[in-house]
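Chemist: With the input below, show me the fold.
(chains A, B and C)
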Amino acid sequence: MKKLSRDFYNRDTITVAQELLGKYLVHKVDGEELAGKIVEVEAYKGPLDKAAHSYNNRRTSRNEVMYGEAGYAYVFIIYGMYDCMNVVTTEKERPEAVLIRALEPVKGIDKMAANRFGKELTELNKREYKNLTNGPGKLGKAMKITRALNGEDLLGDRLYITEGHVEKLEIVTSKRIGIDYAEEAIDFPWRFYIKDNKFVSKI
DNA sequence: CTACGGATTTTCT
DNA sequence: GAAAATCCGTAGT
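Modeler: Modelled structure (predicted):
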């Protein structure tokens, strides 16, 4: 399927976040594709967003990628253990991004089972299957997306996002998750997910 | 199914 | 030195 263009990413962050739902995130590992449908995202709008790493234009070696061109991956470690992937949006020097919060496994699911639990796909119980990719840290582990991919060009051939299938999506809007420190930004309605999808992290 | 507390280490102050 | 865009196991409903 067709890769999303630079122009897709180089737009308003909320729009990109909403339109990423239903698209396919692909990571090629050892010549094999791992892929998942994007079912949950959150927008982080830089300077005016206390929940964002780039709040008040804070610029560090960690978040430098957010200041670059749209269509690159921003991968960071959270709580010392988990890799989270974002898609950089808008033009240069405008540090905004979309966090990929959950995927529905599509391709290479057996590899995801191995990456997540060190088990065969058939050995997973119901809870483990559901937990393959239903959270930002979980999908990072399942898809083998690590800090090494920070700054990766999403128009390249290793990590990219493609058009989805034609389907009608019902999108739910809500507050973001895990940002209790962010004061007024706690209530910003910048989380979007596909209604009734089983791999959404939290209703 | 939900709720709670602990784990663990990078990052910034 | 403290906080952090989270996850997991266990216990309970």
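Chemist: tell me the centre residue of chain A?
Modeler: residue A:100 (1.6 Å; Cα atoms, centre = their mean).
Chemist: Ramachandran coordinates for it?
Modeler: phi -90, psi 110 (degrees, to the nearest 10).
Chemist: How about residue A:183?
Modeler: Residue torsions, per degrees, to the nearest 10, at residue A:183 are phi 50, psi -120.
Chemist: Now do the closest residue to it other than its chain neighbours against residue A:61, distance only.
Modeler: Among residues not flanking residue A:183 along the chain, residue A:50 sits closest, at 5.5 Å (Cβ to Cβ, 6 or more residues apart in numbering). C-beta here means a position set from N, CA and C on the backbone, and glycine is covered the same way. Relative to residue A:61, residue A:50 is positioned 21 Å away (Cβ to Cβ, to the nearest Å).
Chemist: More neighbours: these two, which one.
Modeler: residue A:50 (14 against 6; other Cβ atoms under 10 Å).
Chemist: Cross-check the contact I'm expecting between that one and residue A:185.
Modeler: Yes - contact criterion Cβ atoms under 8 Å: residue A:50 and residue A:185 qualify, at 4.1 Å.
Chemist: hmm, the biggest strand by length in chain A in reach of DNA strand B?
Modeler: Ranked by residue count, the top strand of chain A under DSSP state E comes out as strand A:32-44. No - applying Cβ under 7 Å from any atom of the strand, one finds strand A:32-44 separated from DNA strand B by no less than 14.4 Å.
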